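Participant: Sequence first, predicted coordinates after that:
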Amino acid sequence: MRPYHCDPLIFGNPIKLTVTPSDPSPVEPNLFVLSPLLPEGWLGRAPDTLGPDVCLATDFRPQAGEMLLNVASGSVSLNTSSAVLSPKQNKYFFAGFSNETIYSCEMQKTSSNNDVDRCADLHPEKARLNFYLLVMNGVRVLFTKTLAFNTILTIRAVLFYTSPVEPNLFVLSPLLPEERPGPDVCLATGFRPQGGQMVLKVQNSSDTRSTGGAALSLKEKTYFFAGFSSERIDSCELHKTVAQRKEPDLSHCKKPDDSIPPSPPAETDKDCGDLRPEKARLNFYLLVMNGVRVLFTKTLAFNTILTIRAVLF
């Protein structure tokens, strides 16, 4: 038995639907000749091997028309009847492709040239803005390093130059006081801070000396001070450290020969004391810190100016 079979039947002619914009007035197109992005190693290659070129026509009316592509082998004509309609703008868009390099394209008395600047890809439009951003990043790095260096110097100055150190005290007397009388001395070495009071015990009384004029040791960063007294010093005290007087051993001392005249003091052309100030190294560190602070201020101001310029311009 033959199975049931049904063939489709078509009546009448097919219906073709055409959508046209409500505004039929003609509009000239915007033409753009586009080339493919240059791949790595494009130098030395033939332009026709880089990929298809495109002539893009936008925002035009009416749909029907001819696009003329000018290539090396001649002119190629393309029909724009298949252009796509933009419902929002009521205008058409069309793209014409060619495997050859498109030098120019024309449509509705409008033309566009393929003026490709090869250096434009190597140097983008915002090169100057990128340069300013790079400078700003460099300034920020410099600012960070300056701030870190300033912090390190400040911490070093606070920790190593201000921590207290107990003094070493010595009570000294002149040799042969009967023949060469002179003042007794209380010598304090290797102490910090500079300010303080040295108490000299003389007979039944006490004498006080301020250590504000103590000399700074550039190598050890500690102070030295000598307290003099015309009376006999029995003991001295500084920063809760006490030293007692010790009588010197004079058994090995010889009486000087008065027949030999003393040697005259050597003459010097100039006093070198001013060339090496007491706090030269400390002053150097303070000068460096001030210089770093000035550099930090200038860096911050320059960074602010560049930021404002990048935002406004």
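Facilitator: Structure's in. What do you need? Numbers count the residues shown, from 1 in each chain.

Participant: and Lys16, how many neighbours?
Facilitator: If you count neighbours by other C-beta atoms under 10 Å, Lys16 ends up with 5. In this view, the C-beta of every residue, glycine as well, is placed from N, C-alpha and C.

Participant: cool, Val54 as well?
Facilitator: Applying other C-beta under 10 Å, I find that Val54 has 17 neighbouring residues.

Participant: Pretty sure it sits in a strand.
Facilitator: Yes. Under DSSP: H, G, I helix; E, B strand; the rest coil, Val54 sits within a strand.

Participant: Does it touch Val33 like I think?
Facilitator: Yes. Here Val54 reaches Val33: they are 7.5 Å apart, a contact under C-beta atoms under 8 Å.

Participant: which neighbours do those two share?
Facilitator: With contacts taken as C-beta atoms under 8 Å, 6 or more residues apart in numbering, Val54 and Val33 have Ile102 as neighbours in common.

Participant: For the stretch 151-300 of the chain, give me the ranges with low pLDDT.
Facilitator: Within the stretch 151-300 of the chain, the stretches with pLDDT under 70 are 158-162, 175-182, 248-279.

Participant: ranges for the helices of the stretch 1-150 of the chain?
Facilitator: 118-122, 127-162 (DSSP state H, counting those that start in this stretch).

Participant: Just the buried positions in the longest one, please.
Facilitator: With burial defined by 16 or more other C-beta atoms under 10 Å, the residues of helix 127-162 counted as buried are Tyr132, Met136, Val139, Phe143, Thr146, Asn150, Leu153.

Participant: what would those look like in TSV with distance to Asn283?
Facilitator: Listed next are the buried residues of helix 127-162 as TSV, based on distance: C-beta to C-beta, whole Å:
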residue	distance to Asn283
Tyr132	39
Met136	35
Val139	30
Phe143	26
Thr146	21
Asn150	17
Leu153	13
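
Participant: which of those lies closest to Gly195?
Facilitator: Leu153 (23.2 Å; C-beta to C-beta).

Participant: With the flanking residues excluded, which residue is spatially nearest to that closest one?
Facilitator: Nearest non-adjacent residue to Leu153, counting by C-beta to C-beta, 6 or more residues apart in numbering: Met289, 5.0 Å away.

Participant: name the element the one you found belongs to?
Facilitator: When secondary structure is defined by DSSP states H and E, Met289 falls within helix 280-312.

Participant: Show me which residues of that helix are buried.
Facilitator: For helix 280-312, by 16+ other C-beta under 10 Å, it's Met289, Val292, Phe296, Thr299, Asn303, Leu306.

Participant: Any figure for the gap between the second one and Thr144?
Facilitator: Look at Val292 and Thr144: by C-beta to C-beta, to the nearest Å, they are 13 Å apart.

Participant: which ones are touching the residue nearest to Leu153?
Facilitator: By C-beta under 8 Å, 6+ apart, the neighbours of Met289 are Asn150, Leu153, Thr154, Ala157.

Participant: Now render the residues you listed as a markdown table, adding distance to Val76.
Facilitator: Below are the contacts of Met289 laid out as a markdown table (distance: C-beta to C-beta, whole Å):
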| residue | distance to Val76 |
| --- | --- |
| Asn150 | 69 |
| Leu153 | 74 |
| Thr154 | 75 |
| Ala157 | 80 |
